[in-house]
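Trainee: Make a model of this:
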Amino acid sequence: GFLREYFEREFKEGKAQETDLYFRRLKDNQGTTFLLKRQIHDFDTGLETLPQINYRLISQPLWEDRLNFTSQSEMSYLDFKIDDEMDVRSPKTFEKLKRTTGDSFRVDTDNTLSLPFQFWVMKVSPFVGSRVTGYSKSLEDTGPNDGPPEGRLIGSLGLDSSTSFWRIYSLESKLLRIHKLRHVITPEFRWVAAPVVTKDPDDLLQYDSRDAIDNFHSAVIRLRNRMQTRRGPPWKLSTVDLLDLGLELHLQGPTKETPRGFVTHNVGNAEGFVVPERDSFLQFDLRSQVTDRITLASERNEYNINDLQLDVFNLGMSFQRSPTWGHFVGYRFLKNTSTAMTIGTNVLIGDKWNLNFGETFAFKTKTVKGDSTSRNLASSFSFSRDAHDWTSGFSLNFDVANRNTSFSFFVQPKGIKRGTARGYSF
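Mentor: Prediction:
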């Protein structure tokens, strides 16, 4: 409750509070990691690994390069610490975590064997896989984690296929700055299923997404269209995507209708990720470099096939007014949640100073009472300076929705994506 009460923005958006020790060794297509993570605060809820050792092998050729073998194995001692005030603040969540977590040894190995080959113009790769997970304890009558050792086997199979077609048109236009036009079409298909799951997730301890995997089958059909041209001076022409349009049909098979306990069952999607159960949907993405200064993007839009309605819609446009001054306008729609607009500007002052400003306003945002309201959500301002080897600066954020104002400053070496920042809220 401490972070939620006094540092709400950090609680909602910041990195998890962690104290850990991490080692990694990589060689060719193999990698080994060691992670020791401990929760030292009573006000935190999270997983402890005491320790966790991982080994990964990626696309190891077998049988004179006819087969590819990929493996990921883990051995760990895990515990799940719960916020000391959660039983008062959120008794249902506290009860769920108490019944499904605790300390246990866990051994997990996930192995996949694929057979890639060329069929006509298609690249095809069928694969089979198995995942074996063992626990030193288990749930017993949905009670405390004092059950006997337990194990689970997941058997999976699937198919990947893709190809590519293109054609070049001798099209020239000084007005649109087109120097020839290339149309590239890339169709892809992936199907994956796990027909064999020997243990119901409700009977297993829950630490991360892999523990809640249930039977599933899913598929994705992708069709990507790109219209490309070459721009720039004659001695330095570069390829530019005039239009990049992608359509993806995600089909998720129905799950088995069984009584559910405290566990949210997960499934595998066709992109290879483990996600909570969800409906099938159509995703469409569009990106266009309209001119050298204007870029239009509409990405990660989702149309729910089961409910026949739009779930997510995003649209943004960036305008580079000059080499030192750029603007952005964005729109985002989330079904039954909010409709928001974001504006921002970035100014480069000289060669070293950078100024940013952003504003987000929501229309018809759902409140905790169930009604709708329109209001300013957040304002942000940041100022930074580039030195020879370092970047330093500060930012000021006004979280109007949560009535929180924060000030932070940072100093980071160049080449580091995210610097070390210290923030103050009031």
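
Trainee: mind listing the helices for the stretch 1-150 of the chain?
Mentor: Per DSSP state H, counting those that start in this stretch, the stretch 1-150 of the chain carries helices over the ranges 2-6, 8-13, 86-89, 91-100.

Trainee: buried stuff in the longest one?
Mentor: Neighbour-count burial for helix 91-100 flags Phe94, Lys96, Leu97, Lys98, Arg99, Thr100 (criterion: 16 or more other C-beta atoms under 10 Å). All C-beta atoms are positioned from the backbone trio N, CA, C, and that covers glycine.

Trainee: Residue ranges in the stretch 301-426 of the chain under the pLDDT threshold?
Mentor: Residue ranges of the stretch 301-426 of the chain with pLDDT under 70: 364-372, 400-403, 415-426.

Trainee: and Gly151, that's in a helix?
Mentor: No. Under DSSP: H, G, I helix; E, B strand; the rest coil, Gly151 falls outside any helix and is assigned strand.

Trainee: for the stretch 101-250 of the chain, which spans come out with low pLDDT?
Mentor: For the stretch 101-250 of the chain, the ranges with pLDDT under 70 are 140-146.

Trainee: What is the lengthiest strand in the chain packed up against?
Mentor: For the chain, the longest strand by residue count, based on DSSP state E, is strand 178-197. With contacts taken as 3 or more C-beta pairs under 8 Å, 6 or more residues apart in numbering; DSSP states H and E, strand 178-197 sits against strand 150-162, strand 165-173, strand 216-231.

Trainee: Tabulate the ones you listed (a markdown table), appending mean neighbour count and distance to Asp285.
Mentor: Shown next, in a markdown table, are the helices and strands packed on strand 178-197 (neighbours: other C-beta atoms under 10 Å; distance: least, C-beta to C-beta, whole Å):
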| stretch | mean neighbour count | distance to Asp285 |
| --- | --- | --- |
| strand 150-162 | 17 | 17 |
| strand 165-173 | 10 | 19 |
| strand 216-231 | 18 | 9 |
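
Trainee: out of these, which comes closest to Thr360?
Mentor: With C-beta to C-beta as the measure, strand 216-231 is the member of the helices and strands packed on strand 178-197 nearest Thr360 (30.6 Å).

Trainee: after the closest one comes which helix or strand?
Mentor: Under the assignment DSSP states H and E, the closest C-terminal helix or strand after strand 216-231 is strand 238-252.

Trainee: Surely Asp311 is within a helix?
Mentor: No. Asp311: not assigned to a helix; according to three-state DSSP it is strand.

Trainee: can you pull the contacts of it?
Mentor: Phe281, Glu302, Tyr303, Asn304, Leu334, Lys335 (C-beta atoms under 8 Å, 6 or more residues apart in numbering).

Trainee: Of these, select the buried ones using a PyMOL command.
Mentor: Applying 16+ other C-beta under 10 Å to the contacts of Asp311, the buried members can be selected in PyMOL as follows:
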select buried, resi 281+302+303+304+334
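
Trainee: doesn't Ser76 make contact with Thr51?
Mentor: Actually, residue 51 is Pro rather than Thr. Yes. The pair Pro51 / Ser76 is scored as a contact, 6.8 Å apart, by C-beta atoms under 8 Å.

Trainee: so the closest residue to Thr109 other than its chain neighbours bridges to which residues?
Mentor: Closest residue to Thr109 apart from its sequence neighbours, by C-beta to C-beta, 6 or more residues apart in numbering: Ser73 at 4.2 Å. Note on Ser73: beta-bridge partners Tyr55, Thr109, judged by DSSP bridges.

Trainee: Distance check, Ser73 against Ala212.
Mentor: Using C-beta to C-beta, to the nearest Å, Ser73 is found at 20 Å from Ala212.

Trainee: who's more crowded, the two?
Mentor: Between Ser73 and Ala212, Ala212 has the larger neighbour count (other C-beta atoms under 10 Å), namely 20 against 15.

Trainee: I'd guessed the more buried one sits against Asn266; true?
Mentor: Yes. Counting by C-beta under 8 Å, Asn266 is a contact partner of Ala212 at 4.3 Å.

Trainee: between these two, what contacts are shared?
Mentor: Counting by C-beta under 8 Å, 6+ apart, the residues touching both Ala212 and Asn266 are Pro201.

Trainee: Now for the residue nearest to Thr109: which residues touch it?
Mentor: Per C-beta under 8 Å, 6+ apart, neighbours of Ser73: Asn54, Tyr55, Arg56, Asp108, Thr109, Asp110.

Trainee: what about 7 Å?
Mentor: If you count contacts by C-beta atoms under 7 Å, 6 or more residues apart in numbering, Ser73 has them with Tyr55, Asp108, Thr109.

Trainee: ditto for Leu334
Mentor: With C-beta under 7 Å, 6+ apart, Leu334 has these contacts: Val312.

Trainee: how about 6 Å then?
Mentor: Not one residue lies near Leu334 by C-beta atoms under 6 Å, 6 or more residues apart in numbering.

Trainee: before we move on, what about Ile221?
Mentor: Phe189, Leu249.

Trainee: Any idea what Glu172 is bridged to?
Mentor: Beta-bridge partners, per DSSP bridges, of Glu172: His179.

Trainee: What is the end-to-end distance of stretch 115-128?
Mentor: The first and final residues of stretch 115-128 sit 9 Å from each other (C-alpha to C-alpha, to the nearest Å).

Trainee: Go ahead and confirm His36 touches Pro51.
Mentor: That one is not His; residue 36 is Leu. Yes. Leu36 is in contact with Pro51 according to C-beta atoms under 6 Å; the separation is 4.3 Å.

Trainee: if you count what's nearby, which of those two comes out ahead?
Mentor: More crowded of Leu36 and Pro51, by other C-beta under 10 Å: Pro51, with 18 against 15.
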